[in-house]
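>>> Please find the sequence and the predicted model below.
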Amino acid sequence: MEAKTEEQSTKRKKQKHGSFWTWLAASVLFRLVLIYFPKNLNLSSRPEVSTPLTSLRRLAEGYWLKQSSMSPYAGSMYHGSPLLLSLLGPLTVKRIEGQPNHLLCSLVFVVADILNAMLIRATGQTLQVAYWQSLKSLDLDTISESSEVLPSGDIAALVYLWNPLTIVACVGLSTSPIENFAIILALFGACKRLVPLAAFGWVMATHLSLYPMILIIPMILLLGYGPDTPRKLLLLRRYGKAEDDTSIDSCQQQERVINQSELPHVFSWRPVMLFLLWAIVWSAYVLFLCGVSAKQYGSLWEMFERMHGFILTVQDLSPNIGVLWYFFAEVFDFFRNFFLIVFHMNILFMIFPLAIRLKHRPCFLAFVYITISSMLKSYPSVGDSALYIGLLGWFVNELSEMRFSFCLFSVYVGVSLLSPVMHNLWIWRGTGNANFYFATAITYACLQIVLVIESVSAMLNHDRKLRKLSNTKIHVDKS
Amino acid sequence: MAECGSETATGAKPKRKPIVWLGIFLISHSFLFSVVFSAAGVVALLLLPVLAKNTYISENALMPGSVASMLSNQEVAEANRLVNDLTNSNSKTLGSAIGSQRIIAQHMSNLGAEVSFHKFHPQLNQFHPLHFFSSPDSGRVEQNISCALHGVNTVGIIRAPRGDGKEAIVLVTPFNSAKVNPNEAFSLGIAYSVFSLLNRVPWLAKDVIWLVADSQFGEYAAVCAWLRDYHTPVFSGLGTLDAEMCPESNNLYEMNENLSTERAIYDGFKRAGTMAAALVIKVADRSEHFEDSLGIYAEASNGQMPNLDLINVVNYLAVHRQGLRVKVEKLWSLLGLKWLKTLGEILESLGHFARSLNPNWKFGIPAADYVEGSATLASSLYNQALGIPTGPHGAFRDYQVDAITLEIFPQFSSLENIARRNDLLLRSARLIEGVIRSVNNLLEKFHQSFFLYLLTSPAKFVSVGVYMIAFALLVAPLPLVAASLYVNSSNSDSSVKKGKPASSAIVTLESWKWLYATKKAFIVHLWGSVVSLLPYFICQIPSCTPTTSFAIWVSLSVLSLVVMYMVLASPSSHANESQPQREEWPILKSVTLSAAFTGLCLMSVINFATAEIGGLLMVPMCLMAHPLKPDVKARSIRTLSRAVCNLILGFIGFPPVAFIVLKAKFEGSGSTNVGDFWSWVESLWAWNSATYLYIGMVHLPCWALCIHILFHRS
């Protein structure tokens, strides 16, 4: 099904803009149709869709507790943000006669999905412009004309919108579209160099789901260096050019120098400092708002304990598509803290090597971080995979030679069909057991690992290829 | 996984890890391996009766038959009194429907049991094929009942002196109150004798519920309605869920008032705890010539089986304590097959040979046993694959309650002879008593023994670990051949590309060219789901014979295929592509094989038997698929025979044809027409069978893709 969407999007490049809006409208229509059959689908109670953090039913419960002037965190039902509670809470109790429950919330999620798609599209277009410029400055634009560059922004947006996982997360009343919105907003802001927006997105994303905190590294790189380019090559090229200045027509040469000077080639500290400053301001603001809303029933500390503490200590061991619940259900209590640290360090260990290797491609780095954290996070849901599969669309040009694509796709389809069946076998029929379901979770985790490895190696190969091409070009120019 | 291995192979040439090497090896010899694997799969399936193990009682707490039976002739006499009352009431014409219920209720109440009536409305056939996927109570569809029809179940509950009321054992006797049948009355007598004994015993730790299910709308409907109301409590006043929706006056409750017993009969819904097990007792109309025997029916919806321990206990007690002959269903037409007999003899001699080499090798069973075992296995497979429960016990499995139907076949004319009748009643009642006593011992619900198994005789079974091997061997060629086709086509492509100067292209969609084939496969699968939804509309057309319905279905399916092809996949829509992305058939076949593999694996988890039978039909068809045109042009014997094979397999693979061929084979060459297929499919979706979804969304699309490959112009 994902293929279909990608299919449509590749087809789209011919039919230009009209087609994009048609598909966007079709996806909205499709969601609205699905929203009208909530009983039949019963998606909101699926473990794949609603985790303890993203379930709207829990949010409604928290809102009810808050309305009866109790702490919304009482009784370990709600674990989300107080801001989300005051944003979505009133909508959960509003019922329209004759319409499905939670209609308003569903509409909010649909709007969030559309906004996500638009932001992904805008960011993708920025990235594509950067890609074009880098090709041009490497003199490879003539080559690239023969095989055209795909409109990665549109593809990414359509992949995001038509991905069945996104649709399921949106229709299944989970708050992950809003969490994804914060993350995408941060990346969008950073790509467009809108520092306050980027800082706001990052602070909100961190506040809502904690794991996006690690995105600070790609965002700093993005603000410092600018969007993805094979930077080393450019610098190399420029120095290489300096040597054979004389041999080249001076007019052409000047043009190139201008081109290159447009590209920021050094790390610029100013936006980074601004970003950090804004991040502090926004954090203070968010904390203040949370404090105001938490004042009635408890302290900010309770909020941290019940939100971020809940994420870090993996208290809820109900099955989900991740791997941690099974492990912590099995582990002895006195090892629990040790393994908690080990599992969370796992993410942190991967941050720095990846940052060093991929520092010239901060957006891709962000994609890799998001994939890794959605694999290792304590309560993953399909909304997380929807996000990274959408972001993968940004790099269609670079990853066009990714290996295993068919294999990955088939296993994705297989796992996403097999997982509900195994759950059914275990919970409803009683003929299977937890291992059946966990097996699909492991397969899913392996799949994500393979996806990360393959995409990173495809990206590095692409850079190598560019270098090779530009070198041959230099030789041709010289001779 | 093999696919992954294969693609690793193409990437890393210089240093090959063993697993990569294995992948390359398997793929480069994919033809040989696919032939070997599928042949091995079929052989392993044929070997299953030989590999079957003897059953054993796995749960220690059950301890069947460890105490002497307490049931005596006194209870039998009481039971006879009930049976006589019932048959007498039948001769009196007036008010027999309510009258017989009253008699039963009065007898129960006299014993000291709590009695209640449960009124229900039979649900009409509904189309909800996805029902099996959700929890049992979420599929409740309210509007589809007719208020004019209603049945009344009589429920008696004995509270356990040693229990806390949290667990229960259920006895079910289907009984048509409108027309009392002597066999049904006899089954009531058996249950009543057990019930009257259990009322007095001190050891009972689980409540006993006796459900006299009103079978005038079918046995299953009554039990299903009662279970649904049992598990979905209503907190508002009298009556049950169904009764609330029909506002007509309840003559049932008026009836209660003039019932002149010392205990009032409660007019609400009575419950006991969660059910540990349920036994459905029936007495067959047809009788056996030689001895009294007992038939066990266990298949519930979608091939789910009760825990093997329940069958074991019944089998053990019936054979070793009560001297009944136990039998499970067989596919009789298999018994006369010559080749099966020959195969059995070969296996037997092989077993002898093996034993002569080493006396410890216990391999091989007598040829007659082999034939019997395979007939039973085939019937077991068939019933599971249909996904239609073989009796009212199927309703229990939807609530995770282990249940079986015990059908007693009395010896010829033994029901007429009073002494023999009493003897049979005593033995059957003792059997039920023994089973209840065993289940009463359980500390948890049944979990020790197998849930996934096939029976080859009442005392032999094939477990999931064994039969899965046969299936895995059968489907293993699919990913293998898919990977090899994919790798070959991409290799040949890149070798072509190397000749061209365009190797410097920055964006090559080399590794994404499967997208077009996938799109095609996706559209065909979408069409499959449209086809499986069509009957929902067709069955609303009034007064349609099965044949016309089938004709409408086929024509609408073809129409929808054409429309979808025009809209979504017409060649004109990507005629203007700059790159000539004319999809080649190897890629399409590779995608088809992957889709078939995914579908079969998925189905093997949901319902193994369907996947096995479907695999036998689909695997050769998918593996053989090859365009006909070049084959015919080549005119060598090999290609022509391949083309003929393809045509035959493609013909047989079409679901209606496969159905008619199989039906003609197993049920004799009676009058089989296409209307039968419609009726069969109708029964499938009426029973929420996943097999229906499998046919519509896996088998049919894969068949269509294979046909597409056959007529591919390349």
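Sure, I can see it.

>>> switch to C-alpha atoms for all contacts and neighbour counts from now on
Noted.

>>> Contacts only, for A:His207.
Residues in contact with A:His207 (Cα atoms under 8 Å, 6 or more residues apart in numbering or on different chains) are A:Ser81.

>>> Distance check, the closest residue to B:Phe363 other than its chain neighbours against chain A.
Setting aside the residues directly before and after it, B:Phe363 is nearest to B:Gly351 in space (Cα to Cα, 6 or more residues apart in numbering or on different chains), at 4.9 Å. Relative to chain A, B:Gly351 is positioned 35 Å away (Cα to the nearest Cα, to the nearest Å).

>>> you'd agree B:Gly351 is up against B:Gly364?
Yes - using Cα atoms under 8 Å, B:Gly351 is in contact with B:Gly364, at 4.2 Å.

>>> ok, back up a step: give the burial count for the residue nearest to B:Phe363, as a bare number.
19 (other Cα atoms under 10 Å in any protein chain shown).

>>> Can you show me the CA trace of the helix or strand harbouring it as CSV?
Taking DSSP states H and E as the definition, B:Gly351 sits inside helix B:338-357. Extracted in CSV, the C-alpha atoms of helix B:338-357 (Å, rounded to 0.1, in the frame of the first residue of the first chain):
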residue,chain,number,x,y,z
LYS,B,338,-6.7,-47.5,-4.2
TRP,B,339,-3.6,-45.3,-4.2
LEU,B,340,-4.0,-44.5,-0.5
LYS,B,341,-4.1,-48.2,0.3
THR,B,342,-1.0,-48.8,-1.8
LEU,B,343,0.7,-46.0,-0.1
GLY,B,344,-0.2,-47.4,3.3
GLU,B,345,1.2,-50.8,2.3
ILE,B,346,4.4,-49.2,1.1
LEU,B,347,4.7,-47.3,4.4
GLU,B,348,4.0,-50.4,6.4
SER,B,349,6.7,-52.4,4.6
LEU,B,350,9.0,-49.5,5.0
GLY,B,351,8.3,-49.6,8.7
HIS,B,352,9.0,-53.4,8.8
PHE,B,353,12.2,-52.8,7.0
ALA,B,354,13.2,-50.1,9.4
ARG,B,355,12.4,-52.3,12.3
SER,B,356,14.5,-55.1,10.9
LEU,B,357,17.4,-52.8,10.7
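
>>> Quick check: mean pLDDT of whichever helix or strand comes after it?
Next in sequence after helix B:338-357, counting helices and strands by DSSP H and E, comes helix B:367-386. Mean per-residue pLDDT for helix B:367-386: 90.

>>> Kindly report the same for stretch B:542-556.
85.

>>> residues of that stretch that come out buried?
Across stretch B:542-556, burial judged by 16 or more other Cα atoms under 10 Å in any protein chain shown covers B:Pro546, B:Thr547, B:Ser549, B:Phe550, B:Ile552, B:Trp553, B:Leu556.

>>> Need these in CSV (columns: distance to A:Val33 and secondary structure).
Below are the buried residues of stretch B:542-556 laid out as CSV (distance: Cα to Cα, whole Å; DSSP: H, G, I helix; E, B strand; the rest coil):
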residue, distance to A:Val33, secondary structure
B:Pro546, 33, helix
B:Thr547, 34, helix
B:Ser549, 29, helix
B:Phe550, 30, helix
B:Ile552, 28, helix
B:Trp553, 26, helix
B:Leu556, 24, helix
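
>>> Among these, which one sits closest to chain A?
B:Leu556 (23.7 Å; Cα to the nearest Cα).

>>> The closest one and B:Leu533: what is the separation?
Counting by Cα to Cα, to the nearest Å, the gap from B:Leu556 to B:Leu533 is 11 Å.

>>> Residue numbers of the stretch 301-450 of chain A in contact with chain B?
Proximity of the stretch 301-450 of chain A to chain B, by Cα under 8 Å from any Cα of the partner chain, involves residues A:397-398, A:400-407, A:410, A:414, A:417-418, A:421-422, A:424-425, A:428-431.

>>> Filter these down to the buried ones and hand me the ChimeraX line.
Entered in ChimeraX, the line below selects the buried ones among these, by 16+ other Cα under 10 Å:
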select /A:397,398,400,401,402,403,404,405,406,407,410,414,418,421,422,424,425,428,429,430,431
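
>>> how deep is B:Phe290 tucked in, by neighbour count?
B:Phe290, neighbours per other Cα under 10 Å, totals 10.

>>> Report pLDDT for B:Ser260.
Checking the pLDDT column for B:Ser260, the value is 43.

>>> Just the element for residue 471, please.
Reading this off chain A. Going by DSSP H and E, A:Asn471 is part of helix A:434-478.

>>> You answered for a different chain; I wanted chain B.
helix B:464-475.

>>> Contacts for that helix, please.
Helix B:464-475 has contacts (Cα under 8 Å, 6+ apart) with B:37-45, B:48, B:51, B:452-453, B:597, B:600, B:612, B:615-616, B:619.

>>> same thing but at 10 Å, please
The contact list for helix B:464-475, computed with Cα atoms under 10 Å, 6 or more residues apart in numbering or on different chains, reads B:34-48, B:51-52, B:450-454, B:462, B:593, B:596-598, B:600-601, B:604, B:608-609, B:611-613, B:615-616, B:618-620.

>>> Figure out how far that helix is from the centre of its chain.
18 Å (Cα atoms, centre = their mean, to the nearest Å).

>>> Extract the C-alpha trace of that helix and format it as PDB.
The C-alpha trace of helix B:464-475 is given here as PDB (Å, rounded to 0.1, in the frame of the first residue of the first chain):
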ATOM      1  CA  VAL B 464       1.300 -28.000  15.500                       C
ATOM      2  CA  GLY B 465       5.000 -28.600  15.600                       C
ATOM      3  CA  VAL B 466       4.700 -31.500  13.200                       C
ATOM      4  CA  TYR B 467       2.100 -30.300  10.700                       C
ATOM      5  CA  MET B 468       3.700 -26.900  10.400                       C
ATOM      6  CA  ILE B 469       6.700 -28.600   8.900                       C
ATOM      7  CA  ALA B 470       4.700 -29.900   6.000                       C
ATOM      8  CA  PHE B 471       3.200 -26.400   5.400                       C
ATOM      9  CA  ALA B 472       6.600 -24.700   5.700                       C
ATOM     10  CA  LEU B 473       8.100 -27.000   3.200                       C
ATOM     11  CA  LEU B 474       5.200 -26.400   0.800                       C
ATOM     12  CA  VAL B 475       5.500 -22.600   0.900                       C
END
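
>>> To which secondary structure element is A:Leu340 assigned?
helix A:336-357.

>>> next structured bit after the helix or strand of chain A at the bottom of the mean pLDDT ranking?
Among the helices and strands of chain A, helix A:250-262 carries the lowest confidence by mean pLDDT, DSSP states H and E, at a mean of 47. Using DSSP H and E, the next helix or strand after helix A:250-262 towards the C-terminus is helix A:269-294.

>>> Any stretches of the stretch 51-200 of chain A with poor pLDDT?
By pLDDT under 70, the weakly predicted segments of the stretch 51-200 of chain A are A:140-149.

>>> Can you show me the strands along it?
Taking DSSP state E, counting those that start in this stretch, the stretch 51-200 of chain A contains no strands at all.

>>> mind giving me the domain ranges of chain B?
Residue ranges of the domains in chain B are recorded as B:2-52+B:468-495+B:511-710, B:60-329+B:390-458, B:332-387, according to automatic domain parsing.

>>> Many thanks, have a good one.
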